[in-house]
Structures are given as structure tokens and as C-alpha cells.
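1. sequence and predicted model, in that order:
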Amino acid sequence: MRELIRAGAAAMGIALPADAPDKLVIYHEMLVETNRVMNLTRVPDDPAEAVDRNYLDSLAPLAAPQLTDGVKTLCDVGTGAGFPGLPVRIVEPSVRLTLLDAQNKRVEFLKEVCGDLGLTDVECVHGRAEEFAADHRESFDLVTSRAVANLRVLSELCLPLVKPGGYFLAMKSVDSDAELAEAQKAIQILGGDVEKAVDYAIPGTDVRHRLIFVKKIQKTDKKYPRTFAKIKKNPL
């Protein structure tokens, strides 16, 4: 797996610290072991597929200069088993990372991984994004989320957490054109602007995904985010 990680990252133009492949492999081994007794996320049986779909896919944002210049604080909303936030933190140790998830079993797993890997400046939080925003409004340079919910819903959960001038990065499928078009109004209401959408491929595979860059251009009205029941029932 180490060589697959090194080769894939190099092909994507992502520089890895010397210890990153070892840490990603340990992370993967812990995930496989824990997933045997509790369902954290889907883990491909083929190590090569796991490298492509979990680790290299999570690192794809690091090829974007918007997200590597001046990003000091990152919140990964609905992180699940830690994707994309934890691989990003392993490769970019200067980033102060918050991993946010509503399932405590995932958060406890992530705490264990961070402890075993000796990762500092990582906070693993059990909570819902709309509640977390009450005390952490506009606190992060970058907020990420990987295929968690429809973009209209996701924007209301994530954009209130982004500092003006920062970015919300939604990781979506390449067939998300209609979803993006429907979310434009919500993004504008929440103080964001879609800067661009970039499709990317994992080298040597058929994996094709999309990065949607939403820049925070003004503060979000304090009435957002609403409760999740209201967000879901009546998306912006």
C-alpha cells in the first residue's frame, strides 16, 4: 500500500512527508480491524481500491492552490471514518483539524487513530453541524464535506462555519450539475459564491469525482443554520 500511495500522490502532483505513507497504512489497518466489529464505513477488500477511493481521493484537494495557501484551520463535516479530513491532516501537519460527526462510535475510533499516530491539533467532535455552529460560527479557513448530503442542505450546514474569505469545499460526483444549479440560491443566501467546479481523476483508475469550490464572500446571517428538521423539510 505504501508504494501505491506514493505513486498515486506523485501522479496527482501532491508532495508527501516521508512518514505519511506509513501513517496512512496504520490508519487503514485500524479501520479494517475496527470495521470488523462495528460498521464505520465501506472499506474495499482490495487494498489498491482502498488507496484509490479513500486515501488518494481524500488527498485530491491538496492539488488545489486555493486550499493549500493560508489554510490553518479545517473542519470536516460529517467526516464518518475520517475522510477527507484525516488524510489531509496526515499530509499537511500544520493544519489544525476538527473532525465532526453525529455518530459517537466514529468519533471514538478517530480519537484512537489520532492517539496512535501521535497527531496533535486534531479535535474529534461528536455532534451535529447545525448545533456545532452555535459556538463555532465563521471559525474555519476551510470546511470540507465528502458526499454527505444534497448540496442545498450541505451548504447550510457548512457555510456558517467558514470565515469570510475562506472556502467550503464540497466533494461530489461528476454528475452533480443539476444539484449544483439547484444550490446556487442557497449558497448566495448563506454568503457564498461558487468559484468553480473541477473534475478530477485518480490516476490509473476509473474514479472520477468533482471538487466544488465555494468562497465565503460575506458573513452568514445569524438565523442560519436552522434546525436540521427545518433544513431538511424546507431547503433554501
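-> Yep, that arrived. Numbering: from 1, shown residues only.

2. skip ahead from the lengthiest helix in the chain and say which helix or strand is next.
-> When every helix of the chain is counted residue by residue (DSSP state H), the longest turns out to be helix 20-35. Towards the C-terminus, the helix or strand next in line after helix 20-35, according to DSSP states H and E, is helix 47-50.

3. just the buried positions in that following helix, please.
-> Judged by neighbour count using 16 or more other C-beta atoms under 10 Å, the buried positions of helix 47-50 are A50. (Each C-beta comes from the backbone N, C-alpha and C, glycine too.)

4. what does that helix rub up against?
-> Outside helix 47-50, the residues within contact range by C-beta atoms under 8 Å, 6 or more residues apart in numbering are 1, 4, 28, 43-44.

5. can you say which of those residues are buried?
-> Among the contacts of helix 47-50, those classed as buried by neighbour count (16+ other C-beta under 10 Å) are 1, 4, 28, 43.

6. so what's the second one closest to, chain neighbours aside?
-> Taking C-beta to C-beta, 6 or more residues apart in numbering as the measure, L4 lies nearest to V51, with 4.6 Å between them; neighbours along the chain are not counted.

7. got the CA coordinates for the helix or strand of the chain with the lowest mean pLDDT in CSV?
-> The helix or strand of the chain with the lowest confidence, counting by mean pLDDT, DSSP states H and E, is helix 47-50 at a mean of 92. Output in CSV follows, covering the C-alpha atoms of helix 47-50 (Å, rounded to 0.1, in the frame of the first residue of the first chain):
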residue,chain,number,x,y,z
PRO,A,47,-6.0,-2.6,-0.8
ALA,A,48,-5.4,-0.9,-4.2
GLU,A,49,-9.1,0.1,-4.4
ALA,A,50,-9.0,1.4,-0.8
